[in-house]
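Asks: got a predicted structure here, sequence first:
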Amino acid sequence: MKALILVGGFGTRLRPLTLSVPKPLVEFANKPMILHQIEALKAVGVTEVVLAINYQPEVMLNFLKEFEAKLGIKIICSQETEPLGTAGPLALARDKLIDDTGEPFFVLNSDVISEYPFAEMIEFHKAHGGEASIMVTKVDEPSKYGVVVTEESTGKVEKFVEKPKLFVGNKINAGIYLLNPAVLDRIELRPTSIEKEVFPKIALEGKLFAMVLPGFWMDIGQPRDYITGLRLYLDSLRKKSSLKLATGANIVGNVLVHESAQIGEGCLIGPDVAVGPGCVVESGVRLSRCTVMRGVRIKKHACISSSIIGWHSTVGQWARVENMTILGEDVHVCDEIYSNGGVVLPHKEIKSSILKPEIVM
Amino acid sequence: MGSSEDDKVVAVIMVGGPTKGTRFRPLSLNIPKPLFPLGGQPMVHHPISACKRIPNLAQIYLVGFYEEREFALYVSSISNELRIPVRYLREDKPHGSAGALYNFRDLIMEDNPSHIFLLNCDVCCSFPLPEMLDAHRNYGGMGTILVIKVSAESASQFGELVADPDTNELLHYTEKPETFVSDLINCGVYVFTPDIFNAIQGVSSQRKDRENLRRVSSFEALQSATRNLTTDFVRLDQDILSPLAGKKQLYTYETMDFWEQIKTPGMSLKCSGLYLAQFRLTSPNLLASGDGTKNATIIGDVYVHPSAKIHPTAKIGPNVSISANARIGAGVRLISCIILDGVEIMENAVVTNAIVGWKSSIGRWSRVQAEGDFNAKLGITILGEAVGVEDEVVVTNSIVLPNKTLNVSVHQEIIL
């Protein structure tokens, strides 16, 4: 089976992290974002993944070689020379997606994390016999998104309503599709929106079906949602009684600590924390609701919450870092500094406190 | 070591590196600062062309932390254009400004020069190098420093010097003092005899012997994790100029022309204007002209790259620099701005006090402007590479990082 992952552009919403690394390679829960998806696809029998990208293919290609070998799955890039929207890339990769088997192929939005119930989706798709299946997820505030209105019993999609002013439903497009090759005949090689142009046509013919995504869902393309997403992800690991979660007297709630990371004495780590490879967390440190990327050193007595600390950065002794502080790669926060929502670009030293949210270039 | 007029001169220009000088962001995210254009020419081009006026110039070295490939093209093309060997040397680790000179002393002394110029690339001035060399020869010391008088309030940002009014000897030097010492400051342009290498070596040896008794704060400890502060890290200001002041070894040469440091994008707009004004005096043929008939109306000092296309109904200037392949549409008004390569500005748009990044696109009737305070963080609007400003959108006092599209107006903001 094959799959296409819509990787897209510059990941500007995840800056400053994406100033150092292309978005799909930014780690989430200690694993590159795109690897979560590729592993789930492999588990359900996908043998070939196409990445639809329009930026930095060289960096991506190096990474891919490494994971092709490790996972035993073929990964190729399809590069847009001009932005093609959410459907155009499928037309561009047409030859790579269609083969003689006539099997349906998956299409995923690269920013989405969930439990990826691909096996159930394949069953659902076979059962209804339609042309296309999409996952929908329930949200609290549907009018922020595009709502998918379906027939209760069959899941047949009736219509899409973009940012509805009045309540029409609470299910939105989760960005996970399973499509028959016939769908490709409907897409021209030009900037096209799959939600606005392609799916409505298929729905009109009664051939589009929606399955409610079990478990959690998050679009982690921006820092606030990335942090919320980590909580949901670790929560789902807990439900599966995963051995990956850290345990110990200094751990509270769901915490992931890479085996090569060191945690000092007298620390309190968690809830909802991920500590990456090679990190050193010195004694007396408090970490909550944060992600600490590869190679970071957190010095003694520091306190970090609701923040993301970028690769190879350091946080000084007694520093307090909180409220959506995002440190880019190689940022050094001096001792005793307070950062309230500082967003710091790579290769900076923070020598004075940041009292209210601001961008430090 | 004679000092005859035939002796060769070598110039060393310090160009810095990508993780230093983050103040030049967001422009430095796309281009090394020394290659950013001022008055239509890369920043480093101005000191290099000034060096060309030095008699018997044998070699120019650019020294910095950038990868060699970032300067390869530029260095080979400028060597051809000016018919002088220009070479980029990469420092493997920080040595300090004097330590860097010492680190490459074998190459610098290859031509057995009698004098060595040391210049900072991010200094904007008239570079009176031949005059400085003559003065230096008369003084007969080890080094001569270019200095300028500034306002008392702004002096504390720089190295302040006290010079003897008769002999011009350097009597006292202090870096960024808290109290007022002098309104005469260090311009970052020096000429030395090869004795400077002995002086630098002396500092290194002293360091080896002396124990570091100062309390090391964690900030310094962070620094020394990445550099060896002890032996081969020698700073020109604190380690050479300060100790040698008043010992009849160092002298000063005062310039009466303009001088600025180019640390931020805002200052690059100001300095671009200073260089354009200088072209008006030295090479007016480089500047554009037009009166709205066959060519666009040009006011004041304006540089337009030959490949740029400007509609005749546009009005450009003063202080505007337009780079290669830019396209300026009908009825556009540009004031005090730098328009970089490949930019497209559509009909009736207005750009004032801004830098528009490579390949950006400015929509019809849109307005990109700022108050024009070159020193304020958001005093000049900066659009990074490939930024799109849609029709009728207003962008004021803001910085926009590369690859963003603005479809609503933006004021006083940094857009990542």
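Replies: Perfect, thanks for sending it.

Asks: so what's B:Leu241 up against?
Replies: Listed by CB atoms under 8 Å, 6 or more residues apart in numbering or on different chains, the contact partners of B:Leu241 are B:145, B:159, B:170, B:173, B:186, B:250. For every residue, glycine as well, the C-beta is placed using N, CA and C.

Asks: against B:Val234, how distant is it?
Replies: For B:Leu241, the distance to B:Val234 equals 11 Å [CB to CB, to the nearest Å].

Asks: does any part of the longest helix anywhere in chain B sit near chain A?
Replies: Counting by DSSP state H, the longest helix found in chain B is helix B:265-282. No: residues of helix B:265-282 contacting chain A under CB under 8 Å from any CB of the partner chain: none, with a closest distance of 10.0 Å.

Asks: okay, buried residues for that helix please.
Replies: Using 16 or more other CB atoms under 10 Å in any protein chain shown as the test for burial, helix B:265-282 gives B:265-279.

Asks: buried ones in stretch B:88-102?
Replies: B:88-89, B:91, B:94-102.

Asks: what does chain A put close to chain B?
Replies: A:9-10, A:12, A:15-16, A:19, A:299, A:314, A:316-317, A:330, A:332, A:334-335, A:343, A:345, A:347-349, A:351, A:359, A:361.

Asks: you'd agree A:Lys207 is up against A:Gly130?
Replies: Yes: in this structure, A:Lys207 is within contact of A:Gly130 by CB atoms under 8 Å, at 4.4 Å.

Asks: so A:Ser236, which state does it fall into?
Replies: Using DSSP: H, G, I helix; E, B strand; the rest coil, the structure places A:Ser236 in helix.

Asks: contact partners of stretch B:329-337?
Replies: By CB under 8 Å, 6+ apart, the residues outside stretch B:329-337 that reach it are B:269, B:273, B:311, B:313-322, B:328, B:344-356, B:364, B:372.

Asks: quick check on these: which are buried?
Replies: For these, buried by 16+ other CB under 10 Å: B:269, B:273, B:314-317, B:319-322, B:328, B:344-356, B:364, B:372.

Asks: just these: which are in strands?
Replies: B:315-316, B:320-322, B:328, B:344-345, B:350-356 (DSSP state E).

Asks: between those, which is nearest B:Leu286?
Replies: B:Ser321 (10.8 Å; CB to CB).

Asks: quick check: beta-bridge partners of that closest one?
Replies: B:Tyr303, B:Ile338 (DSSP bridges).

Asks: shouldn't it be in contact with B:Cys271?
Replies: No: with contact defined as CB under 8 Å, B:Ser321 does not count as touching B:Cys271 (10.8 Å).

Asks: overlap of the contact sets of the two?
Replies: The contact sets of B:Ser321 and B:Cys271 overlap at B:Leu38 (CB under 8 Å, 6+ apart).

Asks: the helices in the stretch 51-200 of chain B, which residues?
Replies: In the stretch 51-200 of chain B, the helices defined using DSSP state H, counting those that start in this stretch lie at B:68-82, B:96-103, B:105-108, B:129-139, B:152-155, B:195-209.

Asks: is it possible to export those helices to a markdown table including distance to A:Gly155 and mean pLDDT?
Replies: Listed next are the helices of the stretch 51-200 of chain B as a markdown table, based on distance: least, CB to CB, whole Å; pLDDT from 0 to 100:
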| stretch | distance to A:Gly155 | mean pLDDT |
| --- | --- | --- |
| helix B:68-82 | 55 | 94 |
| helix B:96-103 | 69 | 91 |
| helix B:105-108 | 74 | 94 |
| helix B:129-139 | 79 | 96 |
| helix B:152-155 | 70 | 83 |
| helix B:195-209 | 76 | 86 |
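
Asks: with respect to A:Glu152, which of those lies nearest?
Replies: Closest of the helices of the stretch 51-200 of chain B to A:Glu152 is helix B:68-82, at 61.1 Å (criterion: CB to CB).

Asks: look up the closest residue to the residue most central in space within chain A, ignoring the ones flanking it.
Replies: Compute the mean C-alpha point of chain A, and by CA atoms, centre = their mean the closest residue is A:Asp111, 3.7 Å away. Nearest residue to A:Asp111, sequence neighbours excluded (CB to CB, 6 or more residues apart in numbering or on different chains): A:Gly221, at 3.9 Å.

Asks: wait, doesn't that neighbour sit right on A:Arg15?
Replies: No: using CB under 8 Å as the test, A:Gly221 is too far from A:Arg15 to be in contact (11.1 Å).

Asks: higher neighbour count, these two?
Replies: Comparing A:Gly221 with A:Arg15 by other CB atoms under 10 Å in any protein chain shown, the one with more neighbours is A:Arg15, at 25 against 21.

Asks: quick one: residues contacting the nearest residue to that one once chain neighbours are set aside.
Replies: Leaving out its chain neighbours, the residue that sits closest to A:Arg15 by CB to CB, 6+ apart is B:Leu416, at 4.1 Å. Contacts for B:Leu416 were tallied using CB under 8 Å, 6+ apart; they are A:12, A:15-16, A:343, A:359, B:401.

Asks: what comes into contact with the helix or strand of chain A with the lowest mean pLDDT?
Replies: Here the helix or strand of chain A ranked lowest by mean pLDDT, DSSP states H and E is helix A:57-71, holding a mean of 82. Applying CB under 8 Å, 6+ apart, the external contacts of helix A:57-71 come out as A:7, A:21-22, A:24-25, A:32, A:35, A:38-39, A:42, A:51, A:53, A:73-75, A:77, A:79.

Asks: ok, now which ones touch B:Ser360?
Replies: Counting by CB under 8 Å, 6+ apart, B:Ser360 makes contact with B:340, B:343-344, B:383-389.

Asks: if you set the cut-off to 10 Å instead, what comes out?
Replies: Counting by CB atoms under 10 Å, 6 or more residues apart in numbering or on different chains, B:Ser360 touches B:326, B:339-345, B:368, B:383-389, B:400, B:402-405.

Asks: so which of those are also by chain A?
Replies: Restricting those to those near chain A by CB under 10 Å from any CB of the partner chain leaves B:386, B:402-405.

Asks: now for these: which two are most distant?
Replies: Greatest spacing in the ones next to chain A among the contacts of B:Ser360, by CB to CB: B:Pro402 and B:Thr405 (11.1 Å).

Asks: need the residues touching each of these two.
Replies: By CB under 10 Å, 6+ apart, B:Pro402 and B:Thr405 have these common neighbours: A:12, B:360, B:386-387.

Asks: kindly indicate which of those residues lies nearest A:Leu90.
Replies: Out of these, the member with the shortest distance to A:Leu90 (by CB to CB) is A:Thr12, at 23.3 Å.

Asks: what's the neighbour count on that closest one?
Replies: Close neighbours of A:Thr12, defined as other CB under 10 Å, add up to 18.

Asks: may I have the phi/psi pair for it?
Replies: When read as degrees, to the nearest 10, the backbone of A:Thr12 gives phi -60, psi -30.

Asks: ok, back up a step: strands - which of the contacts of B:Leu416 land there?
Replies: Using DSSP E, these in strands are A:343, A:359.

Asks: just put the contacts of B:Leu416 in a markdown table and tack on distance to A:Val157 and pLDDT.
Replies: Below are the contacts of B:Leu416 laid out as a markdown table (distance: CB to CB, whole Å; pLDDT from 0 to 100):
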| residue | distance to A:Val157 | pLDDT |
| --- | --- | --- |
| A:Thr12 | 31 | 91 |
| A:Arg15 | 35 | 95 |
| A:Pro16 | 39 | 96 |
| A:Val343 | 39 | 97 |
| A:Ile359 | 41 | 96 |
| B:Leu401 | 38 | 95 |
